[in-house]
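Chemist: quick one: sequence plus predicted model below, questions after.
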Amino acid sequence: MLGFIRKILRFWAQNQDDEQPLSTSSGDEIRPELEMNLAYLREQLGRSPDVIIRRFTLGGPGKIGATLVFIDGLTDKTIINQDILRPLMIEKEKNPVKSGDGSIIEKLEECLVTTGEIQRTSDCADLIGSILAGSIALLLEGQREALIISAPGWETRAIDEPDTEVVVKGPRDGFVETLRTNTALLRRRISHPGLTFIPLQVGRHTKTKLNIAYIKGIAKDELVEEVKRRLQRIRTDGVLAAGMIEQYIEDAPYSPFPTVGWTERPDVVAARLLEGRVAIFTDGSPVVNTVPMLFIENFQSPDDYNFRPYFSTTVRWLRYLAFTMSILSPPLFVALTTYHQELLPTPLLISVAAAVEGTPFPTVVEVIGMGVVFEILREAGIRLPRAVGQAVSIVGALVIGEATVSAGLIGAPTVIVIAFTAIASFVVPYQNEAAIMLRLLLTILSGMFGAFGIICGLLLVLIHLASLRSFGAPYLAPVAPLFFSVLKDVLLRFPLWAMARRPKAIEPADDRRRPVQPPEPPKVDWKRKKK
Amino acid sequence: MAELAQGRISNIQLVLLLTGFLLGTSILILPGGDIHPDTWLAFLLGCGQGLILAFIYLALARRFPGQTFVKIAEAVWGRYIGKIVSLAFLWYVFHAGALTTTNFLDFIKVSILPSTPAMLLVLMLVGVCAAAVWSGLEVITRCSEVLVPLTILFTLFLALMLIPDFKAANLQPVLQTPLPELLKTSVRVATFPFGETVIFLMILPFLNKQNKSLSSVVIAFALTVFILITGMLRTLGVLGNVAPLYVYPLYQATRSIDLGHTLTRLEILTSINFLTMGFIKASVQLFAFVVGLSQFLGLKSDRTLVVPAWLLMSLLGLYNLPGVAETIAFTHTVYPFYALPFEVFIPLATLVVAWLRKLPREGQQP
Amino acid sequence: MRRLLRTTLALTLVLTVSVFSSIGCWDKKELDKLAIVAGFGVDQVQTAEGDRLLLTAQIIKADQVISPEQAGGSGKQSFLTDQSYGRTVFEGVRNFTFESSRRLFFPHNRVLIIGESLARSGLHPIIDFFIRDPEPRPKQYVLVAKGKAADILSVKTGLEEIPALAIYELLQDYGATSKVYPVTLQDLTKDLASKTKTAVLPMIELVSTSKKKTIMLDGTAVFKSDRMVGELNINETRGLLWVLGKVHSGIIVFKLPPYRHDISMEILEANRQIRPELRNGKPHVTVVIDVEMIIGEITLTKNLTVPRENEKLERMASQGIKKEIRAALAKARQFNTDFFGFGEAFHSRRPKAWKTFGPNWDQIFPQLPVEIKVSTVIRRVGEATKFPILQ
């Protein structure tokens, strides 16, 4: 179906210039002459004011020249002062090292520099990469190696509850923009040795760090390999956020439906890893991607598992209903009022007929127009500064809602339907980008063919959904293909101890959760027994 | 070989796909052409006869595992006669698909959209099926996994809603129909819908477990006959003696649902049932036709045939019968005879010849 | 590449335009282009060109129903009565377009009223349209007007805004008295299609007093085949309802001898059974009716709530019911119309015997012996045990 679009896109992609040569040449070795190294670095890094080159002399005999190179703002000043400069300049006298000693750099590493993470390198490209990533380089006169001291100290946001996924009864922490903090948040939840991170780097210019996370023994090895392969295939200038990673590794890039999951919550990532999925952490982004993604994930919220099953089941069905309504109510409204008036109860028909009496536009145009207005208001609400945003919503509600109706431009039922659609569309936890398009498509179809158009449209959507796969997992699982044991988390939310199987569609290496057993309160009241 | 048939079908998927296929048009056009208090018996008898036919198909499919009927015919009948046999079979599949389309179209033109151009409607209808076929057999089965349970749910719901209008007296007198008449009806039921299972000779090769297909077929037949009998009983219980007057009695009965002025006008559910099941049936037929034709012609890629097949089936669906009256008459009077060679003689003869020639021989397995 | 882009854009544009221009074609019917019919009447009239059907449609004016003040004074009616002529119903319906800018829309039609003269000349010519056309609903009520249907549909009634809906509600609530038999289009179709059971339809009448006109349900029209042949009054109608098992509630008033005061009993629940039997090879019907009652009103001072008096009351009530049924039965025999469905009872429960005498049912029915067994039980006596005032 999408073949035509695919061809056009491919055509464009081919016209892009291929591979540009890298500006930093790798393979250059560090030379013994300090000044030459510095000149090289200056040439490579440019004369940006944030590149700090600090020359000093090692304390004690020998007077060996040394230089620290680092980026201002990415490094912790206290560490530089307390743990690097002070020991090297002052305390070295107590611990003398002779000049010309081949192992002087080892000596420094072993005895003097008092920071946690440190490594040696002799490669210039490596050195520059580390400096740009926020490490401190220590170069010495007469040495073929340099020390790379890690002392990250940039400004970060505090760990905070994510706005997009608020829960009532769950943990309040959310991911931040720092990769390490994020992996630590996950590690705090899963203290199992099986939790593995695989580091990767993508983006020719941004050199964005990625971490693939999975639990050995639960996630299938082939899946991890596949994720790695797809990530390594990414060739691009820059990856700035997790949302861009998604688009490079998707199974169905032309589909309106997302086939890569995302979340800002560590508990959600932990839960998905425990089901056998694989997570992708992207440095600089608080969003973590998880694969494979199933359609049903759109409707699962962490709160479903924190509350008791009855309530969770009810809420989940509410979400299904809300999602259906958010897609179907505008087209159904069009179909019912312009094609199938016989399906409306008489009093309702009279009310609707009275309301649309004298409005100038056909109902389809009204509905599509109001839908567009709503999307504009929604988008404006997101982009505008908070203070102005409120004003916009007031204007939107008053002007669009009240004035158009009382002026007789638009029937009141249309406004009600669109308002309801808007509210319903926010009930689904992971707001589906596809909903907008589906709504438009179905509304147009129903404007042309009534309910028949809607059914045809829905069948097409169903066909499309059924043909989607996400990293090998059928998108509509466990409904189609049917996995009875997993339906426990779809139709009803069974008690946790009754869900003995991991989602089969993901094909986890081990699909049993264990030990799974129901609570067993003692038969006799244990307090009374004591007496 | 066939890019449309990638992926395998499990047995539970076969149950749902076959149920959807059998319910395809029979959920709207009551098979047998009669509706009287003994029709349910005719349904059961017809289902039994259909099962016997299904045994033949399954025996044939098991004798040649992994081969569609087109290949089987070539193996059994030789190169030239085999070609003729498979061509006849393909015609039947194609024409059956066109008939499904016609039934679709008639219903929509009569009850939902009387003045929308038929050409557009038929292109849309078959277009949706073609989209499913384009995506492959796996997708058709998955769609049936979603749609068939929905249909069962809707059928039961509608039957429940009709209880206040239901009059048991309408179902009497029982067992008053003369046996020959009953048998005649049951033969019609056996050819439509149960005998149409012959088209699954193009689909059985793509099962992942051949040896359990029998139980799947039996379950699917039982489910179908259950839904048909439920529909028939509730229709007769509600409409009584006027049931035979209507073109679509099942649809007409649901029009009388009126529970407290709120649960009323639910016939839309019947339409949804028909459209979704019809979609599955037509998709299976289109798929069988496309795969069969590409094997017949020895094409490398069968996806190229989807678009031409779509247009052809639309055209035949549009023009093969002039009107609703002819369609109904054809379904009930001509079809049983027309379908007989394809549903009974060809498979049976193929099986017998294969048995006589002791095919497939050892080592001849593909 | 730019050419490709341009082609894509052009294609999208063409598609969008064609999609949007095609909206508004074919089967679309905007709500403000529809005339929603609530009640429909058919009469037979003489015109210059010969016999014609006079069709009357009562159309809902939606904006008047919702906000009458806003749309220009409260004096306006919330419905409109429109008329047209035609040789057939279908032609007449299309003829409405000569004078009405809106298309008649039938799915919300609640009552179909047939003029008496038309009913007497036969229903077959007009009823087919309502069965064949996909728009009319099977659950609309069909009535026969005493006089012309057109007159009934043009009268404004009491509280309801739309008179046709008011008639519909009246028929829905027939159970309060059980003296009206509501018949839906579907019931009528079944009766017309039946070989033995004949159709009945409720009758409606226009009552004019000096001050105003009102409409009133009154009695039942009896059909033989598709022609109206007679009427049942309201008591006979309840007799019919007893046999059909349609009595839900209602009041029975009788005098308990030797007193001359009226006693009213309310029907709580009624069950009936029709037992078609063969006695000496001859068909014979037993109608068994079990009624539960409650004392509603007693206008004499004696304490009747003692077992012996209670039995007497029960017996009297049973006799009252029997009387009603007998009256209906007498009418049925008089017109030779089996509107009770005795024939169908034989057909479904004595199918073998039915084959022998079924074809002659028309001769058998007037002589068919019908035994009526009524048993009444008084369950409760209301809130008082005795007549309260004279204590």
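Modeler: Ah, there it is.
Chemist: how is chain C divided into domains?
Modeler: C:30-232, C:234-391 (automatic domain parsing).
Chemist: can you list the ones you listed in a markdown table and add mean neighbour count?
Modeler: Yep, even glycine has a C-beta here, placed from its N, CA and C like the rest. Below are the domains of chain C laid out as a markdown table (neighbours: other Cβ atoms under 10 Å in any protein chain shown):
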| stretch | mean neighbour count |
| --- | --- |
| domain C:30-232 | 19 |
| domain C:234-391 | 17 |
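Chemist: ok, which of these comes nearest chain A?
Modeler: With Cβ to the nearest Cβ as the measure, domain C:30-232 is the member of the domains of chain C nearest chain A (3.0 Å).
Chemist: A:Ile423 and chain B: what is the separation?
Modeler: For A:Ile423, the distance to chain B (Cβ to the nearest Cβ, to the nearest Å) stands at 24 Å.
Chemist: that residue in helix, strand or coil?
Modeler: For A:Ile423, the assignment made with DSSP: H, G, I helix; E, B strand; the rest coil gives helix.
Chemist: for C:Phe130, same thing?
Modeler: Secondary structure for C:Phe130, judged by three-state DSSP, is helix.
Chemist: before we move on, back to that, just put the domains of chain C in a markdown table and tack on mean pLDDT.
Modeler: Shown next, in a markdown table, are these (pLDDT from 0 to 100):
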| stretch | mean pLDDT |
| --- | --- |
| domain C:30-232 | 87 |
| domain C:234-391 | 85 |
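Chemist: among those, which is nearest chain B?
Modeler: domain C:234-391 (3.4 Å).
Chemist: the closest one vs chain B: in contact?
Modeler: Yes: Domain C:234-391 lies within reach of chain B by Cβ under 8 Å from any Cβ of the partner chain, at C:Glu344, C:Ala345, C:His347, C:Ser348, C:Arg349, C:Pro351, C:Trp354.
Chemist: list the ones among those residues that fall in helices.
Modeler: Among those, the ones falling in helices (DSSP state H) are C:Glu344, C:Ala345, C:His347, C:Ser348, C:Arg349, C:Pro351, C:Trp354.
Chemist: my read: the fifth one touches B:Gln176, true?
Modeler: No: between C:Arg349 and B:Gln176 there is no contact under Cβ atoms under 8 Å: 11.2 Å.
Chemist: and the helices in the stretch 201-350 of chain C?
Modeler: C:234-244, C:307-335, C:342-349 (DSSP state H, counting those that start in this stretch).
Chemist: near chain C, which residues of the stretch 101-250 of chain B show up?
Modeler: B:110-117, B:169-170, B:172-173, B:176, B:239-242, B:245.
Chemist: gap between the longest helix that chain B contains and the chain center?
Modeler: The helix that spans the most residues within chain B, counting by DSSP H, is helix B:267-297. Helix B:267-297 sits 8 Å away from the centroid of its parent chain (Cα atoms, centre = their mean, to the nearest Å).
Chemist: any idea of the mean pLDDT for it?
Modeler: Average pLDDT, helix B:267-297: 93.
Chemist: who's in contact with B:Val85?
Modeler: B:Ala73, B:Trp77, B:Ile346, B:Thr350 (Cβ atoms under 8 Å, 6 or more residues apart in numbering or on different chains).
Chemist: among those residues, which one sits closest to B:Phe206?
Modeler: For these, the closest approach to B:Phe206 (Cβ to Cβ) belongs to B:Ala73, at 17.7 Å.
Chemist: before we move on, back to that, and the furthest pair within the contacts of B:Val85?
Modeler: So, the contacts of B:Val85 by Cβ to Cβ: farthest apart are B:Trp77 and B:Ile346, at 9.8 Å.
Chemist: quick one on the thing from earlier: same list (the helices of the stretch 201-350 of chain C) but as CSV, adding distance to A:Leu491.
Modeler: What follows is the helices of the stretch 201-350 of chain C, written out as CSV (distance: least, Cβ to Cβ, whole Å):
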stretch, distance to A:Leu491
helix C:234-244, 45
helix C:307-335, 53
helix C:342-349, 42
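Chemist: if we can go back for a sec, and the ones in helices among the residues of domain C:234-391 next to chain B as JSON lines, adding distance to A:Leu240?
Modeler: As requested, those are exported to JSON lines (distance: Cβ to Cβ, whole Å):
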{"residue": "C:Glu344", "distance to A:Leu240": "80"}
{"residue": "C:Ala345", "distance to A:Leu240": "83"}
{"residue": "C:His347", "distance to A:Leu240": "82"}
{"residue": "C:Ser348", "distance to A:Leu240": "78"}
{"residue": "C:Arg349", "distance to A:Leu240": "82"}
{"residue": "C:Pro351", "distance to A:Leu240": "83"}
{"residue": "C:Trp354", "distance to A:Leu240": "86"}
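Chemist: this completes my enquiry, with thanks.
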